[in-house]
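In: Prediction below, plus the sequence it came from.
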Amino acid sequence: MYLTQRQIDRYTETVKKTVKWAYDNHQRILTEPDIQAHYKAPYFWACVGDMKMAGLHRNHIARNFLRADGDFRTEGDSKGFYVFPCTVHNQYIYPNGWLVSGMQKLDAYDISIKGLEFVLQFQDPKRGGFYFAFDAAKQLIDKSLMDSSSTSAAGMACLMCGRLEEAKRAGDFILDLLHLQPEPDNYFFSCMRPDGALHTDVFGNENSWDPNSRKQKCLSAKDDGHNELTWLIGKPTKFLTRLYTATGDKRYLKGAQQGFFFFHKLHANAWTNYASCKTMWAGAELYRLTGEKVFADTAIRILDFYCETQSPTGSWVHTLWYKDESQQHFTWTADITFEYGGEISDVILDLCSN
């Protein structure tokens, strides 16, 4: 076990505060019409083992967001994410991956199977990646680009549901992305075209709210780590780690380590960037699998930052977008608080299991 009892107590107290926040805000969460406030709740409640609350959220999501086609949408013709539309433009099925994984973790197989069938329509039969955009009104998949975040979220859902072949094809796509990087010490380009070419025409726009900006599609080691979307490398790192756990194929372990160590090349402010949670999440599992200290130390360093910056009520502010919680839309507060609570729970288990 890598953690001391004092660390275990500190980290579990952070999760307990998160659970209290979720209870205190339960009624408000249920009144939020946008799916952004809900899509990580099933995974969170499964991680903390509260099946009563898990069941309430399961039913709420099934009644209000699960559509006949298997998609989870705020409205019949709109995904939602109204305060952060970049998700819809760049990672449409990213939240679907969280929901399918969470529902499967809760044994809500009727929902997870239906949700996964919708997600699988986005997988490119040749490249294995998942396309990143969808017109809900026209029921049309935009097949111009596949990306690391959509593919990793969908791949993790495939793993959770036992669709190993589809998960391996998604993992091979991520390995191809890593192999194609023209400047692997400086950039991670997260998108690929159907012809197998890396999408590198991303420069000239640094507005992170714009779905076509460089920051939404390319992670830079040259720029301030506070302002980079570090999840672009963190999510595929976690996915490849889980894929290695499922398959024992060392190609996936090697790819996960490549993604992990790219994070270490980023500007130092990446360590206090709220988007770095997925590297923490992956690092703890990599430590469990390998026993190598660098993975545990990275996870703990990021986790300590989250413990230090959790609000007295148990929530967090996503400082990539907002200065404080009074400015932050509640949908964002619910989004990241559910995520951190679930991921920190996983991290504690991984760091205690080696």
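Out: Yep, that arrived. Computed from a prediction, not measured in an experiment: that's the story for all the values here.

In: what's the spacing between stretch 285-295 and its chain's center?
Out: Mean-position distance between stretch 285-295 and its chain equals 20 Å (CA atoms, centre = their mean, to the nearest Å).

In: mind listing what's buried in that stretch?
Out: Residues 285-290, 295 are the ones in stretch 285-295 that count as buried (16 or more other CB atoms under 10 Å). Heads up, the C-betas are built off the backbone N, CA and C, glycines and all.

In: what's the answer for stretch 12-21, then?
Out: So, applying 16+ other CB under 10 Å, buried residues of stretch 12-21: 14-15, 17-19, 21.

In: which one of those residues sits closest to residue 121?
Out: Nearest to residue 121 among those: residue 18, at 34.0 Å, using CB to CB.

In: Which of the helices or strands spans that closest one?
Out: Taking DSSP states H and E as the definition, one finds residue 18 inside helix 5-24.

In: Give me the residues contacting that helix.
Out: Contact with helix 5-24 is made by 3, 29, 41, 44-45, 48, 50, 53, 300, 303, 306-307, 310, 313-315, 337-338, 340-341, 344-345, 347-348, 352, as judged by CB atoms under 8 Å, 6 or more residues apart in numbering.

In: Which strands and helices lie in contact with the host helix or strand of residue 241?
Out: Element membership for residue 241, per DSSP H and E: helix 231-247. With contacts defined as 3 or more CB pairs under 8 Å, 6 or more residues apart in numbering; DSSP states H and E, the packing partners of helix 231-247 are helix 148-160, helix 164-180, strand 218-220, helix 250-263, helix 277-290.

In: Just the CA coordinates for it, please, in CSV.
Out: Extracted in CSV, the C-alpha atoms of helix 231-247 (Å, rounded to 0.1, in the frame of the first residue of the first chain):
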residue,chain,number,x,y,z
TRP,A,231,-7.8,16.0,-20.6
LEU,A,232,-6.9,15.6,-24.3
ILE,A,233,-4.1,13.4,-23.3
GLY,A,234,-5.4,12.3,-19.8
LYS,A,235,-8.6,10.5,-21.1
PRO,A,236,-6.7,8.3,-23.7
THR,A,237,-4.1,7.6,-21.1
LYS,A,238,-6.8,6.3,-18.7
PHE,A,239,-8.5,4.3,-21.5
LEU,A,240,-5.3,2.6,-22.6
THR,A,241,-4.5,1.8,-19.0
ARG,A,242,-7.9,0.1,-18.6
LEU,A,243,-7.5,-1.6,-21.9
TYR,A,244,-4.2,-3.1,-20.8
THR,A,245,-5.9,-4.3,-17.6
ALA,A,246,-8.5,-6.0,-19.7
THR,A,247,-6.2,-7.6,-22.4
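
In: Show me what the mean pLDDT comes to for it.
Out: For helix 231-247, mean pLDDT is 97.

In: Show me the shaky parts of the protein.
Out: The model of the chain has pLDDT under 70 over residues 1, 354.

In: So for it, which residue is the most central one in space?
Out: Taking CA atoms, centre = their mean, the centroid of the chain lies closest to residue 235, which sits 5.4 Å from it.

In: Next, count neighbours for the residue lying closest to that residue once chain neighbours are set aside.
Out: Excluding its sequence neighbours, the residue lying closest to residue 235 (CB to CB, 6 or more residues apart in numbering) is residue 152, at 4.2 Å. When neighbours are defined as other CB atoms under 10 Å, residue 152 has 33 of them.

In: Distance of residue 152 relative to residue 242?
Out: 9 Å (CB to CB, to the nearest Å).

In: And residue 329, by the same measure?
Out: Here the criterion is CB to CB. By it, residue 329 lies 30 Å from residue 242.

In: Same drill for those two, tell me which one is more crowded.
Out: Between residue 329 and residue 242, counted using other CB under 10 Å, residue 242 has the larger neighbour count: 23 against 18.

In: Residue 37 against residue 335, yeah?
Out: Yes: using CB atoms under 8 Å, residue 37 makes contact with residue 335 at a distance of 6.6 Å.

In: next one: stretch 22-38 to chain centre, how far?
Out: That offset, for stretch 22-38, works out to 19 Å (CA atoms, centre = their mean).

In: Kindly list the longest helix within this protein.
Out: Identified as the longest helix of the chain according to DSSP state H is helix 330-352.

In: related to what we said a few turns ago, contact partners of the helix or strand that the helix holding residue 18 is followed by?
Out: Past helix 5-24, heading to the C-terminal end, the next element that is a helix or strand (DSSP H and E) is helix 26-31. Identification of contacts with helix 26-31 by CB under 8 Å, 6+ apart yields 22, 37-38, 41, 53, 56, 60, 330, 334.

In: ok, back up a step: you'd agree the residue nearest to the centre of the chain is up against residue 153?
Out: Yes: counting by CB under 8 Å, residue 153 is a contact partner of residue 235 at 6.7 Å.

In: give me the element residue 142 is part of.
Out: Using DSSP H and E, the element containing residue 142 is strand 140-147.

In: Mind listing what's buried along that strand?
Out: So for strand 140-147, counting by 16+ other CB under 10 Å, buried means 141, 145-147.

In: Could you dump those residues into JSON lines with distance to residue 185 added?
Out: Compiled in JSON lines, the buried residues of strand 140-147 are given as follows (distance: CB to CB, whole Å):
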{"residue": "141", "distance to residue 185": "34"}
{"residue": "145", "distance to residue 185": "24"}
{"residue": "146", "distance to residue 185": "24"}
{"residue": "147", "distance to residue 185": "21"}
